[in-house]
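# quick one, structure for this:
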Amino acid sequence: MKNVSILTLLAFVMNFSAIGQYNPGPGCVTDANGDCLPNTLLTAMPFLRIVPDARAGAMGDAGIATSVDGGAMHFNASKLVFAEQNQGLSATYTPWLRDLGLQDVYLTYLSGYKKIDDLQAVGASLRFFSLGNINFTDADGNPAGMGSPRELEFSIAYARKLSDKLSAGLTGKYIYSNLASGQVTGGLLISSANAFAADFSLTYKNKINISGNDSDLSFGMSISNVGSKVTYTEGTVKDFLPMNIGIGGALTMNIDEYNAITFALDINKMLTPTPVSSTIIDENGDEIVNPDYDTDGNGFADFREQSMFSALLGSFGDAQGGFSEELQEFAFSVGAEYWYDKQFAVRAGYYYENPLKGDRKFLTVGIGLKYNVFGLNLSYLVPTNNRRNPLDNTLRFTLNFDIAE
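Here you go, the predicted model:
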C-alpha cells in the first residue's frame, strides 16, 4: 500500500474537485443516494499541522495557552517570554503508522528557546518527517524506481511582552517537501516543493484567586502557516499551505503546595477555501453544472485559484452550505493535566472533528516525569471511531532540558 500512496496523494491534490454534487436540501455534497459526503479541506504539506510534542499529544492536542514547553514553537511562540526558566531544549520522536506495521516512517521535532531579558525571548525549531523508503510503481503496477520521501520545516521566532500580562510573537519558517521527485503522474514530472511562511501569535496571562488559592489563567491566539502557495509540478494550479487560526484557554489551579491541575481548551479552524462541487442539484432535483465552480472556463476550480490573502479573508464565508457548514470546520481539543510536587504528571484529553470535515475523534492519555532540569513526557492515542489515525495505539515521547542560567 505504501508503494503507491505518495503518487496517489499527489495526483489527487493536483486534480482535486469535490466528489458528488451539492444538494441545497441537506446543505451538503451528496452521493447518488442523497447521503452527505465528506468535504474535507485539503492542502499541501499537511505535516505542518501534526502536533509534535508528547505533552500536548496527551491532552487532546491542546497547547495554545498552556505553560511553556517543547511545543511552544508549534502552538504559540508568543508565550516563550512567560517561561519559568531562562532557556530550554526539547526533542520529540513520533512513530507514524506503527499500527500498520511500518517501522521507517516517523516525525522528529527539535526545539529550543532563550529569554533575552524579562521582556524578550527567541526560539527555534526543526521538524523532520520521514516517510521511509518507497518502491514507486506506475498506474499499471510496474516498478518505477525507489525513493525516500521526506519533509522538513525550520522556524525561528521572536516574542516580546507588550505589558506585564500580554505578549506577541512572530515566527518565520522555511518549508521543504520532497515526496516523489523524478516520478511522473498524469504526464507531469514531479519535483520538490519549497515555501516560506509566518506565524503570528498573542498570549494573555493573569494571576487569579479561586477559593483562596493562587491560580493562573491564560488565553492564546495563533495564526499559523501563512505563506506562499506551492506546487510539485509545472503548469498546474498551486496549492495552499495548511493556514490555520487557533484560540485557546488554560486554567491552572494550585490546590496546595504539592498539587496542581490544569484544564485546557483549543479551537482551531483552517484558513483555506472550502472545496466547491462541480455540479449542484437544482430546484427540480436535477443535477446541473455549478456556475460558480469554474467561472473563467480554464479547467481549474475557482476556489483553488484564489490568492493567499483572498483565502484568508474569505475562509469564514465561502462554504456552499453557508454558516452551518463553516461551523463544521471547527475542531476542538480539551485536555487536563495533574501535577504532584512538580515532579509527576498525569494527563488526558479528547479531540473532535466533524464527520464531514475529517472525522478525527480520539482519546489521549499520558504521563510526565521531571527531575531537576530533565523531563520526560509520554503520550498514547486511543481511537474512538472507525476512522484510522496514523497515531492509533502509538506511544510517543519528548525529552525536555531546562536551563536556569
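# show me which strand runs longest in the protein.
Taking DSSP state E as the criterion, the chain has its longest strand at strand 193-210.
# low-confidence regions, the stretch 201-350 of the chain specifically.
Counting by pLDDT under 70, the stretch 201-350 of the chain contains no low-confidence range.
# just the helices in it please.
Counting by DSSP state H, counting those that start in this stretch, the segments of the stretch 201-350 of the chain that form helices are 308-314, 323-328.
# with Ala336 as the reference, name the closest of those helices.
Distance to Ala336, taken as CB to CB, is lowest for helix 323-328 among the helices of the stretch 201-350 of the chain, at 25.2 Å. (C-beta placed from N, C-alpha, C; glycine too.)
# kindly export the closest one (C-alpha atoms) in CSV.
In CSV, the C-alpha atoms belonging to helix 323-328 read as follows (Å, rounded to 0.1, in the frame of the first residue of the first chain):
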residue,chain,number,x,y,z
PHE,A,323,-22.6,29.3,8.1
SER,A,324,-23.7,25.9,9.2
GLU,A,325,-21.0,24.3,7.1
GLU,A,326,-18.5,26.8,8.3
LEU,A,327,-19.2,25.7,11.9
GLN,A,328,-18.4,22.2,10.9
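# contact partners for the residue positioned nearest the centre of the chain?
Closest to where the C-alpha atoms of the chain average out (CA atoms, centre = their mean) is Arg49, at 1.9 Å. Arg49 sits next to Asn225, Pro242, Asn244 when contact means CB atoms under 8 Å, 6 or more residues apart in numbering.
# work out for me the element Lys173 sits within.
Assigned by DSSP states H and E, Lys173 falls within strand 166-178.
# give me the next element, helix or strand, following that strand.
For strand 166-178, the following helix or strand on the C-terminal side (DSSP H and E) is strand 184-185.
# neighbouring strands - and their directions - for that following strand?
Within its sheet, strand 184-185 is paired with strand 188-189 (antiparallel), according to DSSP bridges.
# so for the strand it pairs with, what's the average pLDDT?
For strand 188-189, mean pLDDT is 82.
# got a list of contacts for that strand?
Applying CB under 8 Å, 6+ apart, the contact partners of strand 188-189 are Met14, Gly182, Gln183, Thr233, Glu234, Gly235, Thr236.
# quick check: the residue of the chain most remote from its centre vs Val226, distance?
Here the centre of the chain is the reference, and by CA atoms, centre = their mean the most remote residue is Asn284, at 40.9 Å. Taking CB to CB, to the nearest Å as the measure, Asn284 falls 43 Å from Val226.
# same check on Met243?
From Met243 across to Val226, the span is 5 Å (CB to CB).
# joint contacts of these two?
Common neighbours of Met243 and Val226, counting by CB under 8 Å, 6+ apart, are Leu271, Met308, Leu312.
# show me where the stretch 301-405 of the chain has its strands.
Secondary structure of the stretch 301-405 of the chain, counting by DSSP state E, counting those that start in this stretch: strands at 330-340, 344-352, 361-371, 374-383, 395-403.
# so which of the ones you listed is nearest Gly27?
When these are compared by CB to CB, strand 330-340 sits nearest Gly27, at 16.5 Å.
# strand partners of that closest one, parallel vs antiparallel please.
Here strand 330-340 is paired, per DSSP bridges, with strand 259-270 (antiparallel), strand 344-352 (antiparallel).
# any chance of those strands in JSON lines, plus mean neighbour count?
Listed next are these as JSON lines, based on neighbours: other CB atoms under 10 Å:
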{"stretch": "strand 259-270", "mean neighbour count": "20"}
{"stretch": "strand 344-352", "mean neighbour count": "20"}
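# rewinding a little: dump the contacts of Arg49 into JSON lines; add neighbour count and distance to Tyr352 as well.
Below are the contacts of Arg49 laid out as JSON lines (neighbours: other CB atoms under 10 Å; distance: CB to CB, whole Å):
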{"residue": "Asn225", "neighbour count": "25", "distance to Tyr352": "22"}
{"residue": "Pro242", "neighbour count": "21", "distance to Tyr352": "18"}
{"residue": "Asn244", "neighbour count": "22", "distance to Tyr352": "16"}
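# narrow the residues you listed to those in strands?
Asn225, Asn244.
# looking at the contacts of Arg49, which one is closest to Asp138?
For those, the nearest to Asp138 is Pro242 (29.1 Å; CB to CB).
# wouldn't the closest one be in contact with Ile223 here?
No. With contact defined as CB atoms under 8 Å, Pro242 does not reach Ile223; the gap is 12.0 Å.
# so how far is Tyr204 from the residue nearest to the centre of the chain?
24 Å.
# ok, back up a step: mind checking the strands of the stretch 301-405 of the chain for the one nearest to Asp31?
Nearest of those (CB to CB): strand 361-371, 22.2 Å.
# please point out which parts of the closest one sit buried.
Neighbour-count burial for strand 361-371, counted by 16 or more other CB atoms under 10 Å, picks out Lys361, Phe362, Thr364, Val365, Gly366, Gly368, Lys370.
# farthest pair in those?
Pairwise over the buried residues of strand 361-371, using CB to CB, the maximum falls at Lys361 and Lys370, 30.6 Å.
# mind listing what Arg127 touches?
Listed by CB under 8 Å, 6+ apart, the contact partners of Arg127 are Phe47, Leu48, Pro52, His74, Leu107, Thr108, Tyr109, Leu152, Glu153, Phe154, Ser155.
# most surrounded residue in those residues?
Counting neighbours by other CB atoms under 10 Å, Pro52 comes out on top of those with 29 neighbours.
# in three-state terms, label that residue for me.
Here Pro52 takes the coil state, with states given by DSSP: H, G, I helix; E, B strand; the rest coil.
# which helix or strand contains Ala56?
Counting by DSSP H and E, Ala56 is part of helix 54-57.
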